[in-house]
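1. Got a sequence here, can you build the structure:
(one chain, ligands or ions: 2)
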Amino acid sequence: MAIKFKGVDFIEFDTLLTDDERLVRDNTRKFIEENLIPIIELCNREGRFPKELIKPMGELGFYGASLKGYGCAGMSAVEYGLMTQELERGDSGVRSFVSVQSGLCMYPIYAFGSEEQKQKYLPKKALGEIRGCFGLTEPDAGSNPGAMRTRAKKDGNEYVLSGEKMWITSGSIADIAIIWAKASDEDDRIRGFIVETDRPGFKAADVHGKWSLRASVTSSLSLQDVRIPATNLLPESGGLRSPLGCLNQARYGIGWGAIGAAMACYDCALQYAQFRKQFHDMPIAGHQLVQEKLVWMISEVTKAQLLALQVGRLKDQGKVKPWHISMLKRNNVWMALECARMGRDILGANGIADEYPIFRHMANLESVKTYEGTHDIHTLIIGEHITGHAAF
Ligand code: TGC
Ligand code: FAD
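-> Ligands and ions are numbered 1, 2, ... in the order given. Have a look, this model is predicted:
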């Protein structure tokens, strides 16, 4: 099957990429065109995550793609970003699944785990044979995760975990959960734990009635005196900086992913405007106000590509800082949401129908704007860096 989508490239952005980077992007694009685009609208309508893609995505090396060894693909940061861009052109929910499996479940094991934990989990997670989730947010601790109440009590060779986690992507389909909890025996220092989800006392319940990320599983987790071996502690984790370090990985992927969603909306709106005729038997693309919207969209997509590429190059050079990633996530998700809103407007009444992908992307992006640090929290992270004043 020929790839239908040709990308959005106004200023020869492709010439800034290596052959390997273009190859990763094009292979991911082909997979999404062939396997996700044909089913996504129905999945979204039914509120179903396409589980049938979990294994094929593992075989293609999408999970933990930027990690080295342990069966992972060892991609560069830019390659990884281009992959998430293409995933999210399909759907933010599928990109979410990959982000969580990779940046929020494999990465903490890779960065803070023992060698035994890495050997046990990473190769199977890379193949999608073991699925994971990341439990940081709680009902009363969202933007301020330091206020978490989940506790881990040491009891001989075990830890006993109790608490509630909320809004957890892939919660009820995960085999293991990375749970962040305050360790009672360490003066409430935050530590990370690997919790097998079939342990007694662990329950996951799905959130229903979502208008956004309908093709993604979102759950609450309840831990009531869940006993795990002490060896399930991630030994190198310690303090809020550990989960925040994982978020750097996932926020980076979102910064690129949002470009994919914006490209899908721009492409759809441009095509629609060329054939939809109103007044003087003329395509609406010939009206100045419609052109203004399309020009805004392609300009912002182009600027977002350059921002993502530079942050990716810094990441590959080991020079990236959290506030660079905050600017990437904040700007590109905002840009994508505005593109989706403008695209929806260009389609008129058709913009609200799921025959077209725009409304789905728009609804998804409302969640993307909130999770992994809200737009405003990223404003404050950048604000603190440039002024020296924390305004949280
Ligand atoms: P603060 O005192 O600023 O920092 C505590 C410690 O952490 C260090 N730190 C970082 N380390 C690594 N990476 C970062 N990005 C870091 N940011 C801060 C910091 O240096 C400090 O270290 P130390 O050694 O001195 O203790 O912490 P704070 O309590 O004031 O909070 C700061 C704030 C508000 C920025 C932070 O809490 C925050 O980012 N809040 C947003 C919460 C969030 O993003 N939650 C996401 C949950 S996961 C999710 O949404 C998954 S969606 C997945 C999907 O479906 O794709
Ligand atoms: P709140 O923190 O209550 O914020 C509400 C509003 O107040 C926001 O506009 C915020 O910007 C603003 N606000 C808060 N504090 C300040 C301040 N100091 N100054 C100015 N404004 C402020 N979490 C996980 O741990 N794992 C997951 O897998 C996960 N997946 C998710 C999937 C979905 C679909 C969604 C929607 C969320 C997910 N989350 C997950 C949770 C997500 O990270 C939180 O929703 C997010 O961090 C915001 O927390 P909150 O919803 O409690 O909002």
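2. quick one: which helix or strand includes F134?
-> Secondary structure assignment for F134, by DSSP states H and E: strand 132-135.
3. now what about that strand, what contacts it?
-> For strand 132-135, contacts defined as Cβ atoms under 8 Å, 6 or more residues apart in numbering pick out 100-101, 104-106, 108, 125, 150, 165, 168-171, 174-180, 219, 221, 243, 246. Heads up, the C-betas are built off the backbone N, CA and C, glycines and all.
4. now do 6 Å
-> Outside of strand 132-135, the residues within contact range by Cβ atoms under 6 Å, 6 or more residues apart in numbering are 100-101, 104-105, 165, 168, 170-171, 174, 176-179, 221.
5. Over to stretch 326-342?
-> Here stretch 326-342 has contacts from 251, 254-255, 258, 261-262, 265-266, 293, 297, 300, 304, 307, 311, 358, 361-362, 365, 368-369, 375, 378, 381-382, using Cβ under 6 Å, 6+ apart.
6. Then stretch 58-76?
-> By Cβ under 6 Å, 6+ apart, the list of residues contacting stretch 58-76 reads 80, 98, 101-102, 106, 110, 118, 122-123, 126-128, 316.
7. could you dump those to TSV with secondary structure and pLDDT?
-> Formatted as TSV, the contacts of stretch 58-76 follow (DSSP: H, G, I helix; E, B strand; the rest coil; pLDDT from 0 to 100):
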residue	secondary structure	pLDDT
Y80	helix	98
V98	helix	98
Q101	helix	98
S102	helix	98
M106	helix	98
Y110	helix	98
K118	helix	98
L122	helix	98
P123	helix	98
A126	helix	98
L127	coil	98
G128	coil	98
D316	helix	98
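8. need those in a markdown table with distance to ligand 2, can you?
-> A markdown table is the format used below for the contacts of stretch 58-76 (distance: Cβ to the nearest ligand atom, whole Å):
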| residue | distance to ligand 2 |
| --- | --- |
| Y80 | 19 |
| V98 | 12 |
| Q101 | 11 |
| S102 | 12 |
| M106 | 14 |
| Y110 | 18 |
| K118 | 22 |
| L122 | 19 |
| P123 | 23 |
| A126 | 19 |
| L127 | 21 |
| G128 | 17 |
| D316 | 26 |
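9. need those in TSV with neighbour count and distance to A336, can you?
-> As requested, the contacts of stretch 58-76 are exported to TSV (neighbours: other Cβ atoms under 10 Å; distance: Cβ to Cβ, whole Å):
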residue	neighbour count	distance to A336
Y80	28	18
V98	26	17
Q101	28	22
S102	27	20
M106	29	25
Y110	23	29
K118	17	34
L122	24	31
P123	16	34
A126	25	28
L127	17	30
G128	21	27
D316	16	23
